[in-house]
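[1] Pasting the sequence and the predicted model now:
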Number of protein chains: 2
Amino acid sequence: MPVNLQAPAANSLLPIKGVLLGTAEAHIKKPDRKDLLVMHLSAQATVAGVFTQNRFCAAPVIVAREHLAAGKGVRALVVNTGNANAGTGEQGLAAARATCAEVANLLDCEAEQVLPFSTGVIMEALPLAKLVAGLPGCMADLREDNWFNAAHAIMTTDIVAKAVSKQIMLDGVKVTVTGIAKGSGMIHPNMATMLGYIATDAAVAHAQLQKMVAHASDVSFNCITVDGDTSTNDALMLIATGTSDAPAITDFHGAGFAQLQTAITEVATLLAQAIVRDGEGATKFITVKVEGGKNEAECKKIGYAIARSPLVKTAFFASDPNLGRILAAIGYAGVDDLDVAALKLYLDEVLVAEHGGRAASYREEDGQRVMQQSDITIRVVLDRGNAAATLWTCDFSYDYVKINASYRS
Amino acid sequence: MPVNLQAPAANSLLPIKGVLLGTAEAHIKKPDRKDLLVMHLSAQATVAGVFTQNRFCAAPVIVAREHLAAGKGVRALVVNTGNANAGTGEQGLAAARATCAEVANLLDCEAEQVLPFSTGVIMEALPLAKLVAGLPGCMADLREDNWFNAAHAIMTTDIVAKAVSKQIMLDGVKVTVTGIAKGSGMIHPNMATMLGYIATDAAVAHAQLQKMVAHASDVSFNCITVDGDTSTNDALMLIATGTSDAPAITDFHGAGFAQLQTAITEVATLLAQAIVRDGEGATKFITVKVEGGKNEAECKKIGYAIARSPLVKTAFFASDPNLGRILAAIGYAGVDDLDVAALKLYLDEVLVAEHGGRAASYREEDGQRVMQQSDITIRVVLDRGNAAATLWTCDFSYDYVKINASYRS
């Protein structure tokens, strides 16, 4: 079950003027569930995104990148679940392009103004006919107040929908940010998560929007791991409709850029954490903080060694303070000149290890008490510089194996 | 249960003249099991070894390296299970040194002529008094024909003991190689495995012996992974007693060097594969071959991405040919200029993927048939060079989680 993760209330999600959303049941893999989403954007909207670095990136990722690069503006996004359209070669590319053409036809725009996204099983052909047959249902359902259904339509093995809204004042004008995401397994994003969509009614020029999405993903979706597997389909898209009355953001130095970037980063971080809390089989939500490093890269290296270790993750599942496994992970992280005698390891506020071994003050019952919690922070203080990094992960349970030994069937 | 792994027959293990072995029950962690081993070497024996690259390397690893570097020759090795003496700081180093001093006292040699090894739980103090109290029992038990008991004494979560003997003719003289190893979890060796000891009665000079052990570990223990966790205590030791009548090996170019290196590598490979077959919770033994790479490093990168992926490993546990997960792992392995359309993926002899997607000839029932087997080969042909690498791994089952969620208790 998801760890301390509330399903979003339908009325907590604020519409963004200029973004219409419509969902449908296209029966792509399973009956009786919404599995197709169309987002229709107003003509003045700007869109920026980051995509997976996986070399086997999916056909829709290739096509979405091409269409963004064409620079004709984006009028629609189309998302299906149940099939990733990845590892599908030329046929997969043709299917992604055909999807865009069909959406463009229905919305009276160009195919290059449509971005396609897919998530689900890899190396199976996209059932294009079913997808196309579902599109009119999406069109008939298009409305601004539809984020709640959209968040559900993009789920795969997710148990809880991930969605959040936030409002800030820009120059005295209220601006709204709403985001949705999906993901539960194959989560070790490299540039973005499985799928995330964040929209704001602020007006933001493309260069500023791209910087915001890159920064937001870098400290949110790029800081989580469930199983260390980087997806073929990761994408995080940021949409600015410019429908609010707040002044347009067209440079990197104004207060507006910083304020909106902070709000967008907060939304992205909540969505990224929600993915970990709903990680496949998760029973614990674990924050890994590495501080006092020479640079951020080595902090992330050590953080990910801990966050990916099956031995650490199974110990947390068992609530067993078998914390030597964390030392082992720090040791093999690949920081070659690391002085293990100089570092300190904390579990929440409890000092566990220093001087290369167990701290004299450490008592097993203190470790045990923290391990019983469902939210736990592992903190490593390296004492060799001022850099830091924070990652989020979950534990490794029987249910992870169960879910992934039966995901296709 | 171990995958197609036979326990060694006691009479299949050939003694090596010049190596006496003695075991005892020292009650270090559990009652009623042999957990202490002493190997006593003849005075003319040469010894070489490779050790873990983990920065949090265990106290005995540090002391063994020091004692080898002292160059006084090695007269004894002492191995305990039940406690790794890792993450134990200064106290741990003192305990490892005290162990050597006590063995030296009993065998009338110098402490620097003794190498210590430990395996078991991390960050708990070594129960030195129990260990020392067990040593006289080992001494009373010392004999050449004792490899079978030695293989059992070094086990932790291993289900089956790992041991093998091999004989070759060197210049018309019969030479014997016998090796034992242990390991089942925290297996992703970086220079050597958890613990491995190989002895031969050939005479080999130290430089030649060091090259043999480095080569043997590089293509055996350094090519396996169970869970991606590199241990703090990995060590592979190679002993040459020089008690056979075969001519001494003192250069790198003679036929003797090549023949003996091949025999030692074969023994090391069988032991390394035995560790994977007995990997925690393993139900499948998986060989990962990556061919046609630009260099060995990129072949290993791709091989390990596949071999470490929890999603690939759970699919194999389920015997589910959900093989798109292998493509995803190839894609995120970190080979930045990889052309995914040029590579081919085979499961045993079945062509699964080419041209960036599912092969036209691939039928699900063929994949299903191979997945039902307990020994399976994944072969990736990159078509960009002549380098290759072969790795071995196992699947990821409920029992892996069960074993590691309860290992300490």
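    Cool, got the structure. Just so you know, these numbers come straight off a predicted model, no measurement behind them.

[2] my guess is A:Val288 is in a strand, correct?
    Yes - with DSSP: H, G, I helix; E, B strand; the rest coil as the criterion, A:Val288 is part of a strand.

[3] who touches it in this structure?
    Residues counted as contacts of A:Val288 (Cβ atoms under 8 Å, 6 or more residues apart in numbering or on different chains) are A:Gly303, A:Ile306, A:Ala307, A:Thr377, A:Ile378, A:Val380, A:Thr390, A:Leu391, A:Trp392, A:Thr393. All C-beta spots, glycine's among them, are computed from the backbone N, C-alpha and C.

[4] Restrict stretch A:306-317 to CA atoms and write it as CSV.
    What follows is stretch A:306-317, C-alpha atoms only, in CSV (Å, rounded to 0.1, in the frame of the first residue of the first chain):
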residue,chain,number,x,y,z
ILE,A,306,22.2,3.4,-0.7
ALA,A,307,18.8,4.0,-2.4
ARG,A,308,19.3,1.2,-4.9
SER,A,309,20.9,-1.4,-2.7
PRO,A,310,18.5,-4.5,-2.4
LEU,A,311,20.1,-5.3,0.9
VAL,A,312,19.4,-1.9,2.4
LYS,A,313,15.9,-1.9,1.0
THR,A,314,15.0,-5.4,2.3
ALA,A,315,16.4,-4.4,5.8
PHE,A,316,14.0,-1.4,5.8
PHE,A,317,11.2,-3.7,4.7
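
[5] Now the two most distant members of the contacts of A:Val288.
    Largest separation among the contacts of A:Val288 by Cβ to Cβ: A:Val380 and A:Trp392, giving 14.8 Å.

[6] Look at the two and report which has more neighbours.
    A:Val380 (25 against 22; other Cβ atoms under 10 Å in any protein chain shown).

[7] residues of the helix or strand hosting the more buried one that come out buried?
    Assessed by DSSP states H and E, A:Val380 sits inside strand A:375-381. By 16 or more other Cβ atoms under 10 Å in any protein chain shown, the buried positions in strand A:375-381 come out as A:Ile376, A:Thr377, A:Ile378, A:Arg379, A:Val380, A:Val381.

[8] Who are the contact partners of the fourth one?
    Listed by Cβ under 8 Å, 6+ apart, the contact partners of A:Arg379 are A:Lys289, A:Val290, A:Glu291, A:Leu345, A:Tyr346, A:Leu347.

[9] Which of these has the largest number of neighbours?
    Most neighbours among the contacts of A:Arg379, by other Cβ under 10 Å: A:Val290, with 28 neighbours.

[10] host element of the residue nearest to it when sequence neighbours are not counted?
    Distances taken as Cβ to Cβ, 6 or more residues apart in numbering or on different chains place A:Cys299 nearest to A:Val290, at 4.0 Å, with adjacent residues excluded. Assessed by DSSP H and E, A:Cys299 sits inside helix A:296-308.

[11] how about the strands in the stretch 301-409 of chain A?
    With strands called from DSSP state E, counting those that start in this stretch, the stretch 301-409 of chain A shows them at A:344-347, A:350-354, A:357-358, A:375-381, A:387-394.

[12] I should have written the stretch 51-200 of chain A there, sorry.
    A:76-83, A:114-121, A:162-170, A:173-182, A:195-200.

[13] Tell me which of these sits nearest to chain B.
    In terms of Cβ to the nearest Cβ, the element of the strands of the stretch 51-200 of chain A nearest to chain B is strand A:114-121, at 6.5 Å.

[14] what's near enough to touch whichever residue of the stretch 151-300 of chain A sits closest to chain B?
    Of all residues in the stretch 151-300 of chain A, A:Thr230 sits closest to chain B, at 3.7 Å by Cβ to the nearest Cβ. Residues in contact with A:Thr230, defined by Cβ under 8 Å, 6+ apart, are A:Thr52, A:Gln53, A:Asn54, A:Met186, A:His188, A:Pro189, A:Asn190, B:Ala328, B:Gly331, B:Tyr332.

[15] Show me the shaky parts of chain A.
    Applying pLDDT under 70 to chain A flags residues A:190-193, A:407-409.

[16] That one: helices as residue ranges?
    Taking DSSP state H as the criterion, chain A carries its helices at A:59-70, A:89-107, A:128-140, A:147-153, A:206-218, A:255-277, A:296-308, A:310-317, A:324-331, A:364-371, A:398-404.

[17] Most tightly packed of the ones you listed?
    Mean neighbour count, computed with mean count of other Cβ atoms under 10 Å in any protein chain shown, is highest for helix A:324-331 among the helices of chain A, reaching a mean of 28.

[18] what about that helix, distance to the chain center?
    Taking Cα atoms, centre = their mean, to the nearest Å, the mean C-alpha location of helix A:324-331 is offset from the chain mean by 27 Å.

[19] the inter-axis angle of it versus helix A:296-308?
    In terms of direction (axes from the mean of the first three to the mean of the last three Cα atoms, to 10 degrees), helix A:324-331 departs from helix A:296-308 by 150 degrees.

[20] got the angle between helix A:324-331 and strand A:350-354?
    60 degrees.

[21] is any part of helix A:324-331 close to chain B?
    Yes - using Cβ under 8 Å from any Cβ of the partner chain, we find that helix A:324-331 touches chain B at A:Gly324, A:Arg325, A:Leu327, A:Ala328, A:Ala329, A:Ile330, A:Gly331.

[22] Show me what that helix packs onto, helices and strands only.
    Helix A:324-331 is packed against helix A:296-308, helix A:310-317, strand A:344-347, with contacts defined by 3 or more Cβ pairs under 8 Å, 6 or more residues apart in numbering or on different chains; DSSP states H and E.

[23] which helices and strands sit right next to the shortest one?
    Counting contacts by 3+ Cβ pairs under 8 Å, 6+ apart, strand A:344-347 is packed against helix A:324-331, strand A:350-354, helix A:364-371, strand A:375-381.

[24] Quick one: list the elements packing against the second one.
    Pointing back at strand A:350-354 there. Strand A:350-354 is packed against strand A:344-347, helix A:364-371, with contacts defined by 3+ Cβ pairs under 8 Å, 6+ apart.

[25] let's go with 10 Å and repeat that
    Applying 3 or more Cβ pairs under 10 Å, 6 or more residues apart in numbering or on different chains; DSSP states H and E, one finds that strand A:350-354 contacts helix A:324-331, strand A:344-347, helix A:364-371, strand A:375-381.

[26] State the distance from the closest residue to A:Phe285 other than its chain neighbours to B:Leu115.
    Nearest non-adjacent residue to A:Phe285, counting by Cβ to Cβ, 6+ apart: A:Val3, 4.3 Å away. Taking Cβ to Cβ, to the nearest Å as the measure, A:Val3 and B:Leu115 are separated by 46 Å.

[27] Relative to its centre, which residue of chain A is most distant?
    When distances to the mean C-alpha position of chain A are computed (Cα atoms, centre = their mean), the maximum falls on A:Ala360, with 40.1 Å.

[28] that older thread, tell me the one of the buried residues of strand A:375-381 nearest B:Ala235?
    When the buried residues of strand A:375-381 are ranked by distance to B:Ala235 (Cβ to Cβ), A:Val380 comes first, at 26.1 Å.

[29] I'd say that closest one and A:Ala342 touch.
    No - between A:Val380 and A:Ala342 there is no contact under Cβ atoms under 10 Å: 11.3 Å.

[30] okay, and the common contacts of the two?
    A:Gly292 (Cβ atoms under 10 Å, 6 or more residues apart in numbering or on different chains).

[31] one step back: residues contacting the closest residue to the residue of the stretch 151-300 of chain A closest to chain B other than its chain neighbours?
    In this structure, A:Thr230 finds its nearest non-sequential neighbour in B:Tyr332, 3.7 Å apart by Cβ to Cβ, 6+ apart. By Cβ under 10 Å, 6+ apart, the residues touching B:Tyr332 are A:52-57, A:186, A:188, A:190, A:228-232, A:234, B:302, B:305, B:309.
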